[in-house]
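>>> predicted model and sequence follow; I will ask about them next.
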2 protein chains.
Amino acid sequence: MKNITVAGGGVLGSQIAFQTAFCGFDVKIWLRSEESIGRTKPKLERLYNIYKTTLNEAKKELGTGKVFPRGLITDSSKINESDIDRLLAAVDKAYNEIKLTTSLEEACKDADLIIESMAENPEAKVAFYKSLDPHLEAKTIVATNSSSMVPSQFREYLSRPQQYLAIHFANNIWISNTAEIMGHSTTSKDAYEAVAKFASDIKMIPLRLKKEQPGYILNSMLIPFLNAGQMLLANEVADPATIDLTWRLGTGSPYGPFQILDIVGLNTALNIVSNNPLSKDPTTVQGKIKAILEKYIAEGKTGVNSGEGFYKYN
Amino acid sequence: MKNITVAGGGVLGSQIAFQTAFCGFDVKIWLRSEESIGRTKPKLERLYNIYKTTLNEAKKELGTGKVFPRGLITDSSKINESDIDRLLAAVDKAYNEIKLTTSLEEACKDADLIIESMAENPEAKVAFYKSLDPHLEAKTIVATNSSSMVPSQFREYLSRPQQYLAIHFANNIWISNTAEIMGHSTTSKDAYEAVAKFASDIKMIPLRLKKEQPGYILNSMLIPFLNAGQMLLANEVADPATIDLTWRLGTGSPYGPFQILDIVGLNTALNIVSNNPLSKDPTTVQGKIKAILEKYIAEGKTGVNSGEGFYKYN
C-alpha cells in the first residue's frame, strides 16, 4: 500500500490522515465541499502542532524512562535524538504533502485504500458509497471507521464487497494507538490482512475481530460496564466517587465508570442510553440514567472537555 | 468497639479474624465443631507467616519507594523501622491471643460486633442466626460477610434487626483492603457508622452503600463486564488474549476479563453463569459460556490457583 485516501475531515478523519501521512504514505483527504476544506485545515494545523510539540518535549526527556505516545514513538526505550529528528521531519512532510480535494475522481485515482470516516449517519453513508463505487479501481480496498455501524449494512452498495471491511480507531490516535479490524462475512482474507498490516505500518496495534460485532471489542465491554455503574447511581446505591473508588481498588484500574463517562462526554452517554426504548419510561433504570445525564448536561457539565462533569477539572 | 467475634474460620473468616486481632482488637472465632478448630488453626498459622514475611521484607525495602500491602502498612512513605517492629509484635500478639471456641455463649459474651462469615448457604445461615439470637447482648451488632446474599434475607431471625447489616471483604484482606458496608432498610445509622468506623480501624477502606444491592458495588459492575467479555469469546468474535489486550489498551486497566476470570477462578465463573436459567440451553450465549468453562475445568484449567486457566502461569 502506498496511496491512502481518507473520506471525511472530522475529528477522526483528520487524525487518521495525519497519522498515515506521518508514517510515510501518500495521503489525500476527500471532502464534500470547499467549506469542509476550510474546516479541515485548522484541524491538520492543530495536529501538526501537537506532533511537533510532543516530539520536541520527548527529545528533552530522552533517557528519563518516560513512555512517549506510542503512535509517535513505538518503543520509548530505544529512541535517540536523531530518530526524533527524523520523526520531526516526517511531521513537516506530512503537513506539507497531505492533499485535500473535493473531487471523488481524484480521491479514488490509484488509491490502495480508502478509509471512510464520515458522520455517523447511515443515509449519508449509503449516498457516499453509491457515489464512490463507480470511481473505485479494481485494487482499491474500502474500510469504514464507523463506531456504531457494521460493514454488512453497506456492502451491497459496493461492487466489490469482498474488499470492504471496518478499521476502527480511537480518538487521539497518536496516544490511543489501537485499530480494531473487522470484516463482514464475505470480506476476503487478503483485504483483511492488508488492512491489518496497514494498521501496523501506521504504528497502530491491530486488534483482530474474527466476525462482525456491533461495538467491536472495546465498546461491547465498555457499554455494559458503564451501564452497570450508572445503574448503581440511578438506583441511589452509592455516589459516583464511591463507585469509582470501588472499581479502582477492586480491579487496579486507573479510572472508574464516572471518570470514563467524563472522558467520553455526557452527551455521548446520553445518546447511548437514549437508544434504549426503556429510557422513555422515567421509572426504569434507563429512564433514571437519562434524567441524571440530562440534568448534568443542562447545567453545562458535559465532561472533561467542558471543565466539569461528574467531577470538576481545571 | 473492643471485642470482636468472627463466626466461621474459612478462607475469609480466618483473614478477618487475623486482621482484626493484628489491629489490636480482642478476637474470638466461633466454630461449629472441634474438627472446624482443627481446620482453622493451620489457616491462622499461614496468615501469621504471611504477615511476618511481608513485614520483614518491607523492613529491607524501606525507602525504595515500594508500596507495601495497605492492610498491613497504611502509608508506605511514612513508615520507619521501629514502626515495623511494632507491627511485627502485633502479629505475634494476634497469633497468640485469638481465641477459638465452639461455645456460642462464650462467643457472644461481651461481644461488640459479631461478623458472620459462614458458608454461602441460606439454610445454614438461618439456622445459625436462630441459634445465635438468644445469646446476643443488647449492645451487640451483627454483620454478615456474605457475597451473594443480602441482610434483609435474614433480619427476621434476629431480635434487633436494626443492629444487623453487611460488611463485605475481598480475599487477601491485607492486600485488597476494602470493606463494602451495606445496611438493609431498617439498619440504624449508629450501627452502620460503628461498622464503617470499625472497618477503618482494621485498616480497611470503607465503601459505603446507601441501600441494599445484591452483589454490592464491585460485583454489580464486575459481573456484567465479565459476562460481556465471555460473550465475545462464546460468539467467536475474538480470542481471550485479543479481548484482554483491547480492554487494557482501551482503558489503561492492568487486567482484561479473562485475566480477572483466571484470578477469580473458573469454578466461580461457572457458578455465576449457571445461576442464569438461559445457560441450560446450549444455543444461548450463556449456554456457550457454560460449555467453554466446563471444558477448561474438565482439563484441570481452573485459573491462576491451578497454574492454568485461560493463560498458563508458573
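Nice, I can see it. Because the structure is a prediction, the values reported are computed rather than measured.
>>> so the one helix or strand in chain A whose mean pLDDT sits lowest, near chain B or not?
Least confident helix or strand, chain A: helix A:266-274 with a mean of 93, by mean pLDDT, DSSP states H and E. No: on the criterion Cβ under 8 Å from any Cβ of the partner chain, helix A:266-274 is out of touch with chain B, staying 14.3 Å away. In short, each C-beta sits where N, CA and C put it, glycine included.
>>> show me which residues of that helix are buried.
Buried positions in helix A:266-274, judged by neighbour count with 16 or more other Cβ atoms under 10 Å in any protein chain shown: A:266, A:269-270, A:272-273.
>>> strands along chain A, start to end?
Shown for chain A, the strands assigned by DSSP state E span residues A:3-7, A:26-30, A:99-101, A:113-116, A:141-144, A:164-169, A:178-183, A:205-208.
>>> mean neighbour count, those: which tops it?
With neighbours defined by mean count of other Cβ atoms under 10 Å in any protein chain shown, none of the strands of chain A is more surrounded on average than strand A:141-144, at a mean of 27.
>>> what's in contact with that strand?
Residues from elsewhere that reach strand A:141-144 (Cβ atoms under 8 Å, 6 or more residues apart in numbering or on different chains): A:112-117, A:125, A:129, A:132, A:136, A:151, A:154, A:158, A:163-167, A:191, A:194-195.
>>> these: which ones sit near chain B?
Okay, of these, nothing touches chain B (Cβ under 8 Å from any Cβ).
>>> quick one: residues contacting the residue in the stretch 51-200 of chain A that chain B sits nearest to.
Chain B sits closest to A:Thr178 of the stretch 51-200 of chain A, with a gap of 5.1 Å, by Cβ to the nearest Cβ. Residues in contact with A:Thr178 (Cβ under 8 Å, 6+ apart) are A:169-170, A:204-205, A:207, A:218, B:246, B:249-250.
>>> A:Ala124 too?
A:Ala124 sits next to A:Met118 when contact means Cβ under 8 Å, 6+ apart.
>>> mind checking pLDDT for it?
A:Ala124 is assigned 94 on the pLDDT scale.
>>> mind giving me the packing neighbours of the lengthiest helix in chain A?
Identified as the longest helix of chain A according to DSSP state H is helix A:34-60. Here helix A:34-60 touches helix A:11-22, helix A:81-97, strand A:99-101, going by 3 or more Cβ pairs under 8 Å, 6 or more residues apart in numbering or on different chains; DSSP states H and E.
>>> how about the residues of the stretch 1-150 of chain A near chain B?
Within the stretch 1-150 of chain A, no position is adjacent to chain B by Cβ under 8 Å from any Cβ.
>>> could you redo the last one with a cut-off of 10 Å?
A:Arg70 (Cβ under 10 Å from any Cβ of the partner chain).
>>> surely A:Lys197 and A:Met1 touch.
Yes: between A:Lys197 and A:Met1 there is a contact under Cβ atoms under 10 Å: 7.8 Å.
>>> which of the two has more neighbours?
Using other Cβ atoms under 10 Å in any protein chain shown as the criterion, A:Lys197 and A:Met1 rank with A:Met1 on top: 17 against 12.
>>> in this structure the more buried one contacts A:Phe198, no?
Yes: if you go by Cβ under 10 Å, A:Met1 and A:Phe198 touch, sitting 5.4 Å apart.
>>> any shared contact partners between those two?
Common neighbours of A:Met1 and A:Phe198 (criterion: Cβ atoms under 10 Å, 6 or more residues apart in numbering or on different chains): A:20, A:25, A:112-113, A:141.
>>> tell me if I'm right that A:Ala191 and A:Arg160 touch.
Yes: contact between A:Ala191 and A:Arg160 holds when scored by Cβ under 10 Å: they sit 8.9 Å apart.
>>> could you find the closest non-adjacent residue to A:Gly265?
Nearest residue to A:Gly265, sequence neighbours excluded (Cβ to Cβ, 6 or more residues apart in numbering or on different chains): A:Gly303, at 4.4 Å.
>>> and the gap between that neighbour and A:Asn267?
Using Cβ to Cβ, to the nearest Å, one gets 8 Å for the distance from A:Gly303 to A:Asn267.
>>> what touches both of those two?
Common neighbours of A:Gly303 and A:Asn267, counting by Cβ under 10 Å, 6+ apart, are A:296-297.
>>> how far does stretch A:296-308 sit from the chain's center?
Averaging C-alpha positions (Cα atoms, centre = their mean, to the nearest Å) puts stretch A:296-308 22 Å from its chain's average.
>>> could you do stretch A:150-158 as well?
Distance, stretch centre to chain centre, for stretch A:150-158: 20 Å (Cα atoms, centre = their mean).
>>> which residues are in contact with that stretch?
Against stretch A:150-158 from outside (Cβ under 10 Å, 6+ apart): A:116, A:122, A:125-133, A:136, A:140, A:142-144, A:146, A:161-166, A:182-187, A:212-216.
>>> before we move on, back to that, dump the strands of chain A to CSV, plus mean pLDDT and distance to A:Tyr51.
Listed next are the strands of chain A as CSV, based on pLDDT from 0 to 100; distance: least, Cβ to Cβ, whole Å:
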stretch, mean pLDDT, distance to A:Tyr51
strand A:3-7, 98, 17
strand A:26-30, 98, 14
strand A:99-101, 98, 18
strand A:113-116, 98, 19
strand A:141-144, 98, 23
strand A:164-169, 98, 16
strand A:178-183, 98, 18
strand A:205-208, 98, 19
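>>> quick check, pLDDT for A:Ser76.
We have a pLDDT of 93 for A:Ser76.
>>> hmm, back to that, between the strands of chain A, which gets nearest to A:Ile73?
Each of the strands of chain A has some distance to A:Ile73 by Cβ to Cβ; the shortest is strand A:205-208, at 13.9 Å.
>>> in its sheet, what does the closest one sit against?
Its sheet considered, strand A:205-208 pairs with strand A:178-183 (parallel) by DSSP bridges.
>>> outline the domain layout of chain A.
Using automatic domain parsing, the domain parsing of chain A gives A:3-208, A:220-304.
>>> got the contact list for the nearest residue to A:Gly215 once chain neighbours are set aside?
The shortest distance from A:Gly215 to any non-neighbouring residue, by Cβ to Cβ, 6+ apart, is to A:Ile223 (6.4 Å). The contact partners of A:Ile223, by Cβ under 10 Å, 6+ apart, come to A:215, A:269, A:272-273, B:224, B:228.
>>> do the same with A:Leu62
Counting by Cβ under 10 Å, 6+ apart, A:Leu62 makes contact with A:68, A:76, A:79-81, A:83-84.
>>> to B:Ala89, which of the domains of chain A lies closest?
domain A:220-304 (28.3 Å).
>>> what about that closest one, how long is it end to end?
End-to-end distance for domain A:220-304: 23 Å, by Cα to Cα, to the nearest Å.
>>> what of stretch A:106-115?
Termini of stretch A:106-115 sit 15 Å apart (Cα to Cα).
>>> now for A:Pro42: which residues touch it?
A:Pro42 is in contact with A:Ser14, counting by Cβ under 10 Å, 6+ apart.
>>> and the pLDDT for it?
Reported pLDDT at A:Pro42 in the predicted model: 97.
>>> what's the spacing between it and chain B?
Going from A:Pro42 to chain B by Cβ to the nearest Cβ, to the nearest Å gives 28 Å.
>>> for A:Met118, which non-adjacent residue is closest in space?
With Cβ to Cβ, 6+ apart as the criterion, A:Met118 has its nearest non-adjacent residue at 4.3 Å, and that residue is A:Gly8.
>>> what are the phi and psi values at the one you found?
Per-residue torsions, A:Gly8: phi 110, psi 130 (degrees, to the nearest 10).
>>> does it really touch A:Ala17, like I thought?
Yes: between A:Gly8 and A:Ala17 there is a contact under Cβ under 10 Å: 9.1 Å.
>>> what residues are shared contacts of these two?
A:29-30, A:40, A:115, A:117.
>>> mind checking pLDDT for the residue of chain A most remote from its centre?
Distance to the chain centre peaks in chain A at A:Thr283, reaching 34.4 Å (criterion: Cα atoms, centre = their mean). On pLDDT, A:Thr283 comes in at 96.
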